[in-house]
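>>> Fold the following.
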Amino acid sequence: MIQRLSQWLLYDVMGYKKNITVERPKKYVIALAPHTSNWDFVIGHLFAWAEGFKCNFMIKKEWFFWPLGYLMRALGGIPIHRSKQMSTTDQLAKVARESDTFRLCVTPEGTRKANPEWKRGFYYIALKADIPVLLYGLDYEKKLIVCTKSLRPTGDFDREMKEVKDYFRVFKGRKPHLFVVD
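All right, here's what the predicted structure looks like:
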């Protein structure tokens, strides 16, 4: 029921289309960009529900207050304590390696504000767990959700991050002026 409702809302009511050519394996990290609005969260969840899968996501711990914290956890939220010097990438990579399935969606910019210095966590989780990164673009201008490329990190961060940024360069966020690809 939730799948049909989500399909109707996303594809019929909101008018989104999809261009997905990369299959989702049992374990992966999704890099979703651009991230310029809280609407990205809504559309991302509608898409996952419409396509029949659940994906965890990382979000700052401040979102986990009552009663919103219960909802965030139910939706797959993982609270991130940004002030602590703990290796979240090591912890999540360990979970990925030890699990039968692992699905994590990360916004590489790490914020809705303009940020040319993208976060590295999604890359290192995938590298340490030896799983692919699926590149999902959310284009508000074309009302299109796209995944036509994946990447299995090799450790050549600079080259591969350039490849990731080049892929996302063509997508228009809800607030395009907040999406910086340098």
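>>> what about Ala57, which SS state?
Small correction: residue 57 is Phe, not Ala. Assigned state for Phe57: strand (three-state reduction, DSSP: H, G, I helix; E, B strand; the rest coil).
>>> same deal with Ile78?
Reduced to three states with three-state DSSP, the structure at Ile78 is strand.
>>> which parts of stretch 15-31 are buried?
Buried residues in stretch 15-31, defined by neighbour count with 16 or more other Cβ atoms under 10 Å: Tyr16, Arg24, Lys27, Tyr28, Val29, Ile30, Ala31. For glycine as for every other residue, the C-beta is placed from the backbone atoms N, C-alpha and C.
>>> Likewise for stretch 102-116?
Residues Phe102, Arg103, Leu104, Cys105, Val106, Thr107, Pro108, Glu109, Gly110, Arg112, Asn115 are the ones in stretch 102-116 that count as buried (16+ other Cβ under 10 Å).
>>> The buried residues of stretch 15-31 in helices, which ones?
Counting by DSSP state H, the buried residues of stretch 15-31 place none of their members in helices.
>>> Of all pairs in those, which one is the farthest apart?
Taking Cβ to Cβ as the measure, the buried residues of stretch 15-31 reach their widest spread between Tyr16 and Lys27, a distance of 26.3 Å.
>>> returning to that earlier point: could you point out which of the buried residues of stretch 15-31 is nearest to Ala48?
Closest approach between the buried residues of stretch 15-31 and Ala48, by Cβ to Cβ: Ile30, at 9.2 Å.
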